[in-house]
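[1] Fold the following.
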Amino acid sequence: MIDYTQILHINYVGKKWSMLDNKYEHLNWMDESTKPTQNELDALWPATEERLKKTDCKTKAQQLLQATDWVTLSDITTGTHRLTNQADFLAYRDSLRGLVINPVANPTWPTLPTEQWN
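    Okay, here's the model as predicted:
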């Protein structure tokens, strides 16, 4: 389903408009510029949807990175109880960092390693 609100937010920054129920018929164009046609907005949907998916990818990758920040602490590889597979976690984090830097619309998510302690 086309999300006109998202299309307008992303592609018509600074324009004055309001919309009810995400329906083009309910688009109240209050800007001095010409109101876009429904066909014009429809044509923008594929690129807008991809941009939204990439933003979601980046956000999720950042959250997953944050959830494994503890792996980078120096004390997890020293002492009595040590994480023995830190390298697996670092590789996982590298994959996530790649998705933060270059987000994609349909990511293949790396598998979170299982903690191995000694």
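[2] and the nearest residue to P107 once chain neighbours are set aside, what does it touch?
    On the basis of C-beta to C-beta, 6 or more residues apart in numbering, the spatially nearest residue to P107 that is not a chain neighbour turns out to be C57, at 4.8 Å. Glycine gets a C-beta too; all of them are placed from N, C-alpha and C. Contacts of C57 were listed using C-beta atoms under 8 Å, 6 or more residues apart in numbering, and they are L99, P103, V104, A105, P107.
[3] Which members of those residues are the farthest-apart pair?
    When the contacts of C57 are compared pair by pair using C-beta to C-beta, the farthest-apart members prove to be L99 and A105, with a separation of 11.3 Å.
[4] the strands in the chain, which residues?
    All strands of the chain, identified by DSSP state E, fall at 17-19, 27-29.
[5] Any chance you could list what contacts the first one?
    Outside strand 17-19, the residues that touch it by C-beta under 8 Å, 6+ apart are Y4, T5, L8, H26, L27, N28, W29, M30, D31.
[6] That one pairs with which strands?
    Strand 17-19 has the following sheet partners, assigned by DSSP bridges: strand 27-29 (antiparallel).
[7] gap between the residue in the chain sticking out farthest from the centre and S74?
    Computed with C-alpha atoms, centre = their mean, the maximum C-alpha offset from the centroid of the chain is found at T80, amounting to 38.7 Å. In this structure, T80 and S74 are 15 Å apart, going by C-beta to C-beta, to the nearest Å.
[8] Please apply the same query to T84.
    If you go by C-beta to C-beta, the gap between T84 and S74 works out to 15 Å.
[9] One more: Q62?
    Note on Q62: its distance to S74, by C-beta to C-beta, is 23 Å.
[10] Between those two, point out the one with more neighbours.
    Counted by other C-beta atoms under 10 Å, Q62 and S74 do not tie: Q62 has more neighbours, with 15 against 6.
[11] Next, count neighbours for the residue lying closest to that one once chain neighbours are set aside.
    Leaving out its chain neighbours, the residue that sits closest to Q62 by C-beta to C-beta, 6+ apart is V100, at 5.7 Å. Residues lying near V100 (other C-beta under 10 Å) number 15.
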